[in-house]
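# turn this into a model:
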Amino acid sequence: MNLQSEKTIRFSRNALNSHIMAEAVKSGTKKSAATLVIAKRVGVDRKSLKDFVEGDVAKPSKRVMQKYADWLGKNPETIIDPRDEKPKPASKPAVKKAESLSDEDIALVLDVLHNTQLDLESDRSAMEYPADGIEYSLASIRAVHYREERVNQVCKKLELLASCEFDFDDQLQCLVIKA
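Modelled structure (predicted):
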């Protein structure tokens with residue numbers, strides 16, 4: 001096997017990257033910490049492995065490439081094909097699903113969404129007419145406006161689900177079921 005061929009180098013780079021990512025997930029650490037663990041197992045320094053995997057080093061030395069190939073030969077990738085997994089029997093959910101939202105629940109959610117609408121409106125207004133001299137991009141203003149529209153759509157859908165109407169109570173400062 002030619003250790004300096006493009007195919008071997010590409011395979012080694014991808015396989016080592018897969019091992020690093022798997023180690024990061026398994027140990028719950030960052031990629032850099034997982035790179036150090038794999039580098040120690042392979043027998044190279046962390047920087048060499050990092051540079052190779054990230055593509056900063058196009059062709060490592062024959063000695064280092066031999067270490068990669070030997071280690072990968074002893075530690076092949078374990079690729080789990082989702083088609084090979086057997087379907088698991090349906091288990092009972094740990095949390096009981098609610099059949100539907102009550103009017104009180106809908107009032108609570110609408111109140112939170114109403115406050116979000118006010119915040120977004122305030123943000124958009126501050127972006128369109130800045131008092132602090134900062135100029136905001138049109139894309140940022142559009143993004144806030146888009147979020148406003150999405151919140152409005154959700155509010156309308158929730159109001160359609162409710163079996164009653166809602167009103168803002170000045171004393172409680174929240175939405176309540178209209179009496």
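# in stretch 64-80, what's buried?
64, 65, 67, 68, 69, 71, 72 (16 or more other CB atoms under 10 Å). Just so you know, the C-beta spots here come from the backbone N, C-alpha and C atoms, and that holds for glycine as well.
# and the residue lying closest to residue 167 once chain neighbours are set aside, what's its pLDDT?
Excluding the flanking residues, the one nearest residue 167 by CB to CB, 6 or more residues apart in numbering is residue 178, at 4.4 Å. What the model reports for residue 178 is a pLDDT of 77.
# how close does residue 178 sit to residue 40?
67 Å (CB to CB, to the nearest Å).
# what about the spatially most central residue of the chain, distance to residue 33?
What sits nearest the mean C-alpha location of the chain, by CA atoms, centre = their mean, is residue 25, with 14.0 Å. Here residue 25 is placed at a distance of 12 Å from residue 33 (CB to CB).
# what does residue 56 give?
Here the criterion is CB to CB. By it, residue 56 lies 19 Å from residue 33.
# who's more crowded, the two?
Legend: neighbour count by other CB atoms under 10 Å for residue 56 and residue 33, higher for residue 33 (14 against 9).
# could you say which helix or strand holds the more buried one?
Using DSSP states H and E, residue 33 sits within helix 31-42.
# with residue 3 instead?
Counting by DSSP H and E, no helix or strand carries residue 3.
# rewinding a little: buried set for the helix or strand that the helix holding residue 33 is followed by?
Sequence-wise, the next helix or strand downstream of helix 31-42 (DSSP H and E) is helix 46-54. By 16+ other CB under 10 Å, the buried positions in helix 46-54 come out as 48, 49, 50, 52, 53.
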